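Colleague: Give me coordinates for this.
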Amino acid sequence: MTVAKAVISSSLSNSSTSSNTYIMYQWGGQRCWRPISLPVPKPNSQNLTITTRNRSLLIPRASGAPSESNNGGSSSKTKTKNKTIDPPPSASSSGNEKIDTSNKIQEEQEQKQKQQRRLDLVDVNPVGLGRRSRQLFDEVWRKFSGLGQISRTSRADERDALDALLIREGPMCEFVIPGAQNTTVLVVGATSSIGRIVVRKLMLRGYTVKALVRKADQEVVDMLPRSVEIVTGDVGDPATLYDAVQGCNKIIYCATARSTISGDLYRVDNRGIYNLTKSFQDYNNKMAQLRAGKSSKSKLTITKFKSPESVDGWEVRQGTYFQDVVSSKYDGGMDAKFEFTFTGDAVFSGYVFTRGGYVDLSKKLSLPLGRTLDRYEGLVLSVGGNGRSYILILEAGPLADTSQSKLYFSRFSTKAGFCRVRVPFSSFRPVKPDDPPLDPFLVHTLTIRFEPRRQKAVESRTGVKQDPRSFKLILEYVKALPTGQETDFILVSCTGSGIEPTRREQVLKAKRAGEESLRKSGLGYTIIRPGPLKEEPGGQRALIFDQGNRISQGISCADVADICVKALHDSTARNKSFDVCYEYIADQGKELYELVAHLPDKANNYLTPALSVLEKNT
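Modeller: Numbering: from 1, shown residues only. All right, here's what the predicted structure looks like:
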């Protein structure tokens with residue numbers, strides 16, 4: 001019997017002992033009526049309620065299971081399929097045909113509960129369980145990420161009120177991190193595969209988000225959450241970036257050229273980063289001037305070589321590490337000079353043939369009033385030459401008594417052509433091991449030393465190997481890098497893996513030039529070079545952080561976006577460049593620095609231990 005629809009019809013008499021009720025069911029496509037007799041409920045009994053068309057009936061729970069009558073067409077074994085049975089008069093129902101409806105209802109409820117408790121194979125299969133949990137997570141994420149799409153309004157008061165309700169007062173308030181509500185982040189490339197996830201992760205954590213897009217058409221507007229402030233501009237046009245950086249504290253750069261045309265690569269991946277960093281620095285300088293102060297993100301110029309007068313005060317000295325008479329027979333001569341050439345370059349050049357000999361170029365520092373190097377974290381030199389290595393020496397101590405000064409040194413290498421060299425104060429070591437660590441506040445003299453030791457033979461552009469005992473160093477400027485605890489600019493670059501070989505060299509050349517522009521800007525930076533990007537959920541696999549272009553595996557866009565957000569307030573991420581990919585087994589001798597297995601938990605800070613072992617200012 002298939003019951004498609006049941007209607008209970010009641011005919012209550014004035015009797016206080018019973019009531020007659022008919023239930024309509026469907027048998028073989030025909031309507032049938034079945035009489036039931038319901039006793040009047042007694043006081044203090046447990047009752048069930050059946051709601052009919054016109055009234056509710058109270059049905060007492062039976063203590064036992066009454067037997068069902070087998071008389072006439074009322075039996076459950078009735079074989080009538082094509083004949084409609086009309087309901088008999090209410091007063092002529094037989095007492096032998098009474099059915100305990102409450103017992104049937106109770107049995108049906110128990111049967112439904114058993115069916116609900118029944119476990120299928122897919123319920124206990126780990127794959128099935130994982131699929132169901134993934135569906136639940138995706139559904140929650142879609143609700144969170146779609147909150148900004150509920151309605152768009154042009155009224156500022158309505159927009160602010162809705163943001164406060166959905167983000168800061170709603171279910172996402174558990175994701176908010178300290179300091180996020182006072183931080184405005186500019187996301188460049190907000191419509192890219194990584195940028196879209198970055199925007200939503202920032203919103204979940206309570207940041208104020210601005211998005212820089214080239215065209216604010218309807219497709220772009222619908223793609224971004226409603227709470228994001230959309231700014232129209234082009235990273236290749238500096239004039240359009242002024243409004244974008246207004247009020248911003250940090251920048252996440254996810255944009256990349258859409259084609260391999262050299263012009264597009266130069267405009268987006270190289271010049272675009274330079275334009276944006278310069279606009280951001282100009283904005284910070286302007287705000288500092290309004291406060292009658294100096295921007296904390298600006299470099300301090302120690303010396304700049306632009307005229308013949310700029311080489312005045314620099315002294316060239318010669319020396320040797322051997323003080324005995326035996327070394328005199330190894331004296332092959334040395335010579336060095338520092339001059340401003342007719343081409344407009346300040347050149348320090350010469351040769352050292354003497355065993356254990358060296359030449360120095362030094363000058364006493366003259367810093368602006370109120371400026372000391374303890375407010376900075378290192379030096380940056382813009383130099384060019386023939387690829388020699390040099391020693392940077394700082395002399396620190398009281399100016400009144402220079403005999404108490406201590407010497408500290410750090411080595412740096414150059415390449416053929418111009419390059420920027422960053423030398424943090426933390427890399428300086430005392431010449432005498434017993435001396436205390438360097439105190440930048442007491443630095444008063446800077447020296448650049450060349451010595452033939454540890455020099456490597458470098459081929460010139462003509463293919464001829466040069467004598468390692470000769471050198472040539474072109475100096476453009478020496479500046480101090482501002483200190484800070486957090487990153488100002490996060491750049492998503494690439495490792496080159498997964499790019500077609502025919503276009504890899506062009507892409508990497510533009511990417512590396514953009515990274516160099518960011519490093520010399522003076523901003524605190526974090527450069528992330530992910531492996532080939534994958535469109536899959538993040539937080540599911542272990543990550544590898546490395547330096548040296550040795551990774552080959554891919555990584556999901558969601559994991560890269562999570563690293564960007566976590567690096568905003570992580571001091572270990574400041575001024576570091578690193579590669580990141582999924583876990584894999586490296587070849588022998590090519591082991592990676594750090595393997596961090598992290599879970600998709602907002603409280604799991606996997607970035608700090610991963611980056612703490614990597615080199616800074618790379």
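Colleague: Going by C-alpha atoms from here, please, whenever you check contacts or count neighbours.
Modeller: Noted.
Colleague: shaky segments in this structure?
Modeller: Along the chain, segments meeting pLDDT under 70 span 1-102, 112-176, 292, 323-332, 455-466, 585-604, 617-618.
Colleague: Longest strand in it, by number of residues?
Modeller: Using DSSP state E, we find that the single longest strand of the chain is strand 470-482.
Colleague: helices and strands around that one, which ones?
Modeller: Using 3 or more CA pairs under 8 Å, 6 or more residues apart in numbering; DSSP states H and E, the elements in contact with strand 470-482 are strand 300-304, strand 346-352, strand 376-386.
Colleague: got the contact list for that strand?
Modeller: 296-306, 345-352, 373, 375-386, 388, 450, 452, 522-523 (CA atoms under 8 Å, 6 or more residues apart in numbering).
Colleague: and the angle for it with strand 300-304?
Modeller: Angle between the axes of strand 470-482 and strand 300-304 is 160 degrees (criterion: axes from the mean of the first three to the mean of the last three CA atoms, to 10 degrees).
Colleague: next helix or strand past strand 470-482?
Modeller: strand 489-492 (DSSP states H and E).
Colleague: Which helix or strand lies directly C-terminal to that following strand?
Modeller: Immediately after strand 489-492, counting by DSSP H and E, sits helix 501-519.
Colleague: Tabulate the CA atom coordinates of stretch 179-187 in CSV.
Modeller: Extracted in CSV, the C-alpha atoms of stretch 179-187 (Å, rounded to 0.1, in the frame of the first residue of the first chain):
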residue,chain,number,x,y,z
GLY,A,179,46.0,46.1,14.9
ALA,A,180,44.0,45.1,11.8
GLN,A,181,41.2,47.7,12.4
ASN,A,182,43.8,50.5,12.3
THR,A,183,45.6,49.2,9.2
THR,A,184,44.6,50.0,5.6
VAL,A,185,46.1,47.7,3.0
LEU,A,186,46.3,48.5,-0.7
VAL,A,187,46.0,45.3,-2.8
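Colleague: quick revisit: quick one, the longest strand of the chain and strand 376-386 angle?
Modeller: Angle of strand 470-482 versus strand 376-386, following the same axes, to 10 degrees, is 160 degrees.
Colleague: Tell me the strands beside strand 470-482, with direction?
Modeller: Here strand 470-482 has these sheet partners by DSSP bridges: strand 300-304 (antiparallel), strand 346-352 (antiparallel), strand 376-386 (antiparallel).
Colleague: Tabulate those (TSV), appending distance to Ile105 and mean neighbour count.
Modeller: Shown next, in TSV, are these (distance: least, CA to CA, whole Å; neighbours: other CA atoms under 10 Å):
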stretch	distance to Ile105	mean neighbour count
strand 300-304	85	17
strand 346-352	99	21
strand 376-386	79	20
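Colleague: Dump these to JSON lines, plus distance to Val231.
Modeller: Shown next, in JSON lines, are the strands paired with strand 470-482 (distance: least, CA to CA, whole Å):
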{"stretch": "strand 300-304", "distance to Val231": "32"}
{"stretch": "strand 346-352", "distance to Val231": "43"}
{"stretch": "strand 376-386", "distance to Val231": "33"}
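Colleague: quick one, which of those strands is nearest to Ala255?
Modeller: Ala255 lies closest to strand 376-386 among the strands paired with strand 470-482, at 27.1 Å (CA to CA).
Colleague: Tell me what angle that closest one forms with helix 501-519.
Modeller: Using the same axes, to 10 degrees: strand 376-386 against helix 501-519 is 130 degrees.
Colleague: Need the contact partners of the helix or strand that strand 376-386 is followed by.
Modeller: As assigned by DSSP H and E, the chain's next helix or strand after strand 376-386 is strand 389-396. For strand 389-396, the external contacting residues (CA under 8 Å, 6+ apart) are 405-414, 438-440, 442-451, 455.
Colleague: Mind checking which of those residues land in strands?
Modeller: 406-413, 443-450.
Colleague: Who wins on neighbours among the residues you listed?
Modeller: Phe450 (27 neighbours; other CA atoms under 10 Å).
Colleague: and that residue, what does it touch?
Modeller: Counting by CA under 8 Å, 6+ apart, Phe450 has contacts Tyr358, Val359, Asp360, Ser389, Tyr390, Ile391, Phe471.
Colleague: rerun that using 6 Å as the cut-off
Modeller: Tyr358, Val359, Tyr390 (CA atoms under 6 Å, 6 or more residues apart in numbering).
Colleague: what do you get for Val421?
Modeller: Val380, Leu381.
Colleague: tell me the SS of it?
Modeller: strand (DSSP: H, G, I helix; E, B strand; the rest coil).
Colleague: Which residue is the nearest non-sequential neighbour of Val220?
Modeller: Spatial nearest neighbour of Val220, chain neighbours left out: Thr191 (7.2 Å); criterion: CA to CA, 6 or more residues apart in numbering.
Colleague: With Asn249 instead?
Modeller: Thr184 (5.4 Å).
Colleague: Wait, Thr184 touches Lys210, no?
Modeller: No - Thr184 is beyond contact range of Lys210, at 7.3 Å (criterion: CA atoms under 6 Å).
Colleague: between those two, who's got more neighbours?
Modeller: Lys210 (24 against 20).
Colleague: ok so, going back, identify, from the contacts of Phe450, the entry nearest to Asp546.
Modeller: Tyr390 (27.1 Å).
Colleague: From Leu381, how far out is that closest one?
Modeller: 12 Å (CA to CA, to the nearest Å).
Colleague: same thing with Glu315?
Modeller: The value you get for Glu315 to Leu381, if CA to CA is used, is 18 Å.
Colleague: Please apply the same query to Phe489.
Modeller: To Leu381, Phe489 is 21 Å away according to CA to CA.
Colleague: now swap in Val492 and tell me
Modeller: 25 Å.
Colleague: Grab the nearest non-local neighbour of Leu379.
Modeller: Closest residue to Leu379 apart from its sequence neighbours, by CA to CA, 6+ apart: Ala480 at 4.4 Å.
Colleague: Show me what the residue nearest to Asn249 is bridged to.
Modeller: Thr208.
Colleague: Enumerate every residue touching it.
Modeller: Thr208, Val209, Cys248, Asn249.
Colleague: tell me the domain boundaries of the protein?
Modeller: With domains defined by automatic domain parsing, the chain comprises 2-152, 183-291+487-612, 301-482.
Colleague: Many thanks, we can stop here.
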